[in-house]
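Chemist: compute the structure for the input listed below.
(2 chains)
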Amino acid sequence: MVDERDAFSKRLADARAKRGLDRPAGGRGELPSGAWGIGFRAGVEVVSALIVGVGLGLLLDRWLGTWPWLFLVFFVLGAAAGVLNVYRLFNPRFGARKG
Amino acid sequence: MAAEGKAIDALGQFELSTVLGPIGAAVGFTQSNLHMVIAAGLIVALMVYGMRPAAMVPGRLQSLAEAAYGFIDDMVVAQVGEEGRRFFPFVFTLFMFILFGNMLGLFPYAFTYTSHISLTFTLALMVFVLITAVSIALHGRKFLGYFFPEGAPVWLAPIIIPVEIVSYLSRPISLSIRLFANMVAGHVMLKVFATFVVMLAGLGAIGPFVSIMPLAINVALVGFEVLVAFLQAYVFAILTCIYLHDAVHLH
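Modeler: A predicted model of the protein is given here:
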């Protein structure tokens, strides 16, 4: 009986570890959290998302010859992705519906 | 050199030049490459010579090697989970390479190879290719579900999916820009204040006294840069771990 329970708790612990559920609290909070650090990270996230958006837009425009429409669309997408990145910076588990 | 013509040459320190004479010039072997080789040699030497005694009570080098190993091992297991162990060699190599690059760059006459975006972006691209390959290998077609969170209204898909894709593609860019910008900013500040020391010292009788101020700032900055050098290597490694966690678990 005791054996069985131990085996179960071991399997449970293994399963939890496998799913990454037993991460120590604040695992992500270990990132530097000073005001400057957060501000710099947020800035970098926005800028890099904008770079990707603008770059993709320009490339697709050159390929398809649709200047400037895709550029404009992807500029907005890049800005949205930048905001999403910053949002994820503070709420890392966004979109985690199933753990 | 910096104060020549009363101009501050803060960016000259990032210029590449070939070393090792004509051989280096022929193959384009720059001082950046040289410092990478030195860093790699130092890392290997630390791990090999540090662990050679394998003593129960570690000496100085052995505790340093063990501390570095344990630090990254803890980080990988805490962030990715137990099955993340197989990524330990990759994360450890990345961390040590960046850390040694940042630290080596603080020595006089040394070159900071992490201050070039070509290098940091290459490293970030390796991480990006790895996390994408891992999630496709582990999850197959479900990887595409990454770009559309479950439960979101379907009519939002045309907006959410492109935004998620751009956000995913921005990972290597933000990873590389963060490291590169931190290293460049730190070294430019050091150089600017060091130039102030020289320029103010030339102001006649009061010069030597006034120039103590930028000198004091530089002393503080060097300490700060040691912190930044470690912190940026740490941030790069932990973000790699977080991305690996997302790749292994798909959220």
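Chemist: excluding chain neighbours, what is closest to B:Ile217?
Modeler: B:Phe193 (5.1 Å; CB to CB, 6 or more residues apart in numbering or on different chains). Quick note: C-beta positions are derived from backbone N, CA and C, even for glycine.
Chemist: distance check, the one you found against chain A.
Modeler: For B:Phe193, the distance to chain A equals 19 Å [CB to the nearest CB, to the nearest Å].
Chemist: and that residue, what element?
Modeler: Per DSSP states H and E: B:Phe193 is located in helix B:157-201.
Chemist: which outside residues touch whichever helix or strand comes after that helix?
Modeler: Downstream of helix B:157-201, the next assigned helix or strand under DSSP H and E is helix B:207-210. Here helix B:207-210 makes contact (CB atoms under 8 Å, 6 or more residues apart in numbering or on different chains) with B:200-201, B:203.
Chemist: now the buried members of these.
Modeler: B:200-201 (16 or more other CB atoms under 10 Å in any protein chain shown).
Chemist: of the contacts of helix B:207-210, closest to B:His249?
Modeler: B:His249 lies nearest to B:Leu200 out of those, by CB to CB, at 55.9 Å.
Chemist: which residues touch the closest one?
Modeler: Contacts of B:Leu200 (CB under 8 Å, 6+ apart): B:207, B:210-211, B:213-214.
Chemist: change it to 6 Å
Modeler: Contacts for B:Leu200 were tallied using CB atoms under 6 Å, 6 or more residues apart in numbering or on different chains; they are B:207, B:210-211.
Chemist: what's the answer for B:Ser32, then?
Modeler: Contacts for B:Ser32 were tallied using CB under 6 Å, 6+ apart; they are B:16, B:111, B:113.
Chemist: check these against chain A, which are close?
Modeler: Here nothing survives when those are matched to chain A using CB under 6 Å from any CB of the partner chain.
Chemist: who wins for neighbours among the residues you listed?
Modeler: Among the contacts of B:Ser32, B:Tyr113 has the most neighbours (other CB atoms under 10 Å in any protein chain shown), with 27 neighbours.
Chemist: give me the nearest residue to that residue, chain neighbours excluded.
Modeler: With sequence-adjacent residues excluded and distances taken as CB to CB, 6+ apart, B:Tyr113 is closest to B:Ser32, at 4.5 Å.
Chemist: can you list the contacts of helix B:207-210 in a markdown table and add distance to B:Asp9 and pLDDT?
Modeler: Output for the contacts of helix B:207-210, formatted as a markdown table (distance: CB to CB, whole Å; pLDDT from 0 to 100):
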| residue | distance to B:Asp9 | pLDDT |
| --- | --- | --- |
| B:Leu200 | 17 | 87 |
| B:Ala201 | 17 | 85 |
| B:Leu203 | 20 | 82 |
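Chemist: nearest to chain A among the contacts of helix B:207-210?
Modeler: B:Leu200 (27.6 Å; CB to the nearest CB).
Chemist: phi, psi of the residue nearest to the closest one when sequence neighbours are not counted?
Modeler: Leaving aside its chain neighbours, B:Leu200 sits nearest to B:Ser211 (3.9 Å; criterion: CB to CB, 6+ apart). The phi/psi pair for B:Ser211 (degrees, to the nearest 10) reads phi -70, psi -10.
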